[in-house]
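Visitor: After the sequence you'll find the predicted model.
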Amino acid sequence: MTRRNPRTWPIVAAATVVLVGFCAVLVAAAQPPSGSEVAPSSAPAAPGISTAAASLLQLDPLGNAATKAPAYSLTDQHGNAMIPDTFRGRSVVLTFNDDECQDLCTLLAQDVALADHDLGAAASRVAFVSINANPYHPAVSDVASWSASHGLGDDANWYFGTGSPATLAAAAQAYGVPIQLDAADQSVVHGTEIFFIDPSGVERALGQFGTDSASTAPFAHTMAQEAVDLLPAAQRRTVAGSAAVDLSADGTGVGAKPKPFSLPALNGSGHVGAAAPAGRYTVLNFWASTCTACIGELADLQKISNEFTGRADLIGIDVSDDTTAARATTRQAGTGYPLAVDANGSVAGQYRISGLPYTVILDPTGRVAIRHPGAFTAEQLEYVLDSLVPPATK
């Protein structure tokens with residue numbers, strides 16, 4: 001398996017990341033179709049977006065470089081014709097996705113689902129549009145199956161377009177999205193640009209989805225807010241959800257440095273704590289034996305713990321649980337990484353854990369790099385860590 005380069009993303013330009021056998025992405029400098037240069041900016045892309053939130057999505061307003069979004073003629077997951085005029089009068093959040101993806105694109109799917117929730121009634125005025133980046137699987141049934149299996153099948157404003165390989169290639173070229181193909185193993189490497197298009201069909205801002213998209217709540221909220229801020233003034237509103245919890249200086253959000261903790265070990269004696277070992281990332285997985293999704297991800301977490309030995313540390317934090325049941329569950333799952341008992345949920349409260357499972361990744365300095373509610377698959381967590389953690393030296 002080819003390893004990715006560590007993330008070195010500025011606001012627009014970015015590094016190349018590769019994953020063979022799953023969905024791979026090529027994050028490149030996104031250019032408007034006209035070829036005009038876009039100057040990076042630290043300013044928020046719209047009035048409702050804070051600078052910190054804009055940074056999470058690597059948002060850049062196009063300003064004078066704004067241009068009409070290129071045309072395409074595709075078929076969506078329901079078999080309906082899909083062209084730009086289909087979405088006239090709505091804000092459009094457009095991406096390119098691999099309909100065989102099991103890692104990064106699936107994180108974006110979670111973001112879209114939550115963004116729809118945050119939009120509420122405004123969802124009818126926003127369209128999440130994706131164009132298939134995989135010419136090896138161009139059937140309508142392929143994009144329909146992927147949409148359904150990743151929680152977007154019932155979303156009325158989700159459109160996953162596909163077409164012939166030549167049509168898909170032309171669409172990617174028109175939007176300046178790099179696509180690399182390997183016919184031998186039918187793998188796809190594609191760009192991760194997010195195009196924010198206003199109701200008149202003009203591209204107003206560019207973003208990127210990548211490792212930071214695993215911080216679902218703030219990423220989804222910001223994506224939804226940016227789309228609403230492109231609507232006519234009378235239709236703009238502050239969407240539900242918040243980027244504040246994850247991006248504020250409350251001590252637990254993205255970029256914050258939570259206080260170290262020490263908890264009793266679930267198995268054996270002693271204590272387990274997180275003080276961010278120098279040079280390594282720490283993955284904190286909050287779980288309980290009463291949580292079906294938590295139990296379901298234990299095997300994947302153990303796989304990742306084994307794979308990243310010496311590169312990243314994984315700690316399981318059993319929250320407000322019966323310790324006997326928790327021990328039995330982890331014995332059955334063969335869990336070998338350190339496990340801690342958060343008997344009264346004090347550490348979960350400190351980290352503002354809203355539900356289980358929940359994963360927080362601390363960087364080597366002890367700052368929060370990722371907050372991800374819900375289960376991680378092995379492929380998703382592997383992608384995130386490979387993007388963050390330098391490869392092991394031989």
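Guide: Alright, I've got the coordinates.

Visitor: any idea how far the residue most central in space within the chain is from A71?
Guide: Nearest to the geometric centre of the chain sits S213, at 2.5 Å (C-alpha atoms, centre = their mean). Counting by C-beta to C-beta, to the nearest Å, the separation of S213 from A71 is 27 Å. For glycine as for every other residue, the C-beta is placed from the backbone atoms N, C-alpha and C.

Visitor: Next: W146.
Guide: Summarising the geometry, the distance separating W146 from A71, computed by C-beta to C-beta, is 24 Å.

Visitor: OK, contacts around the residue nearest to A109 when sequence neighbours are not counted?
Guide: Once flanking residues are discounted, A109 sits nearest to H150: 3.9 Å by C-beta to C-beta, 6 or more residues apart in numbering. With contacts defined as C-beta atoms under 8 Å, 6 or more residues apart in numbering, the neighbours of H150 are 106, 109-110.

Visitor: Domain ranges for this protein, per the record?
Guide: Structurally, the chain divides into domains by automatic domain parsing as follows: 24-246, 251-388.

Visitor: sorry, back to before: now intersect the contacts of H150 with the helices, please.
Guide: 106, 109-110 (DSSP state H).

Visitor: coming back round to it: a markdown table for the domains of the chain, including mean pLDDT?
Guide: Converted to a markdown table, these look like this (pLDDT from 0 to 100):
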| stretch | mean pLDDT |
| --- | --- |
| domain 24-246 | 88 |
| domain 251-388 | 92 |
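
Visitor: follow-up on the earlier one: let's see if you can find the most crowded of the contacts of H150.
Guide: A109 (24 neighbours; other C-beta atoms under 10 Å).

Visitor: residues contacting it?
Guide: When contacts are counted by C-beta under 8 Å, 6+ apart, A109 is found next to 150-152.

Visitor: now, which of those sits nearest L388?
Guide: Sorting those by distance to L388 puts H150 at the head of the list, at 22.9 Å, by C-beta to C-beta.

Visitor: gap between the closest one and V126?
Guide: Using C-beta to C-beta, one obtains 19 Å as the distance from H150 to V126.

Visitor: same question, Y383
Guide: Taken as C-beta to C-beta, the span from Y383 to V126 is 27 Å.

Visitor: neighbour-wise, which of the two wins?
Guide: Between Y383 and V126, counted using other C-beta under 10 Å, Y383 has the larger neighbour count: 29 against 24.

Visitor: Correct me if wrong, but the more buried one is in a helix.
Guide: Yes - the assignment for Y383 is a helix, going by DSSP: H, G, I helix; E, B strand; the rest coil.

Visitor: Do I have it right that it meets L104?
Guide: Yes - under the contact definition of C-beta atoms under 8 Å, Y383 touches L104, with a separation of 5.4 Å.

Visitor: T252 belongs to a helix?
Guide: No - secondary structure of T252 (three-state DSSP): coil, not part of a helix.

Visitor: Count the residues that sit near it.
Guide: T252 has 20 neighbours, counted by other C-beta under 10 Å.

Visitor: give the contact list for it.
Guide: Applying C-beta under 8 Å, 6+ apart, the residues near T252 are 245, 258, 350-352, 368.

Visitor: And those residues, which of them are buried?
Guide: 245, 258, 351-352, 368 (16 or more other C-beta atoms under 10 Å).

Visitor: Wasn't V92 part of a helix?
Guide: No - residue state for V92 (three-state DSSP) corresponds to strand; a helix is not indicated.

Visitor: Would you check that it makes contact with I194?
Guide: No - here V92 lies out of contact with I194, judged by C-beta under 8 Å, at a distance of 10.5 Å.

Visitor: circling back: who's more crowded, W146 and A71?
Guide: Between W146 and A71, counted using other C-beta under 10 Å, W146 has the larger neighbour count: 26 against 12.

Visitor: Would you agree the residue nearest to the centre of the chain is in contact with L104?
Guide: Yes - under the criterion of C-beta under 8 Å, S213 makes contact with L104 at 7.4 Å.
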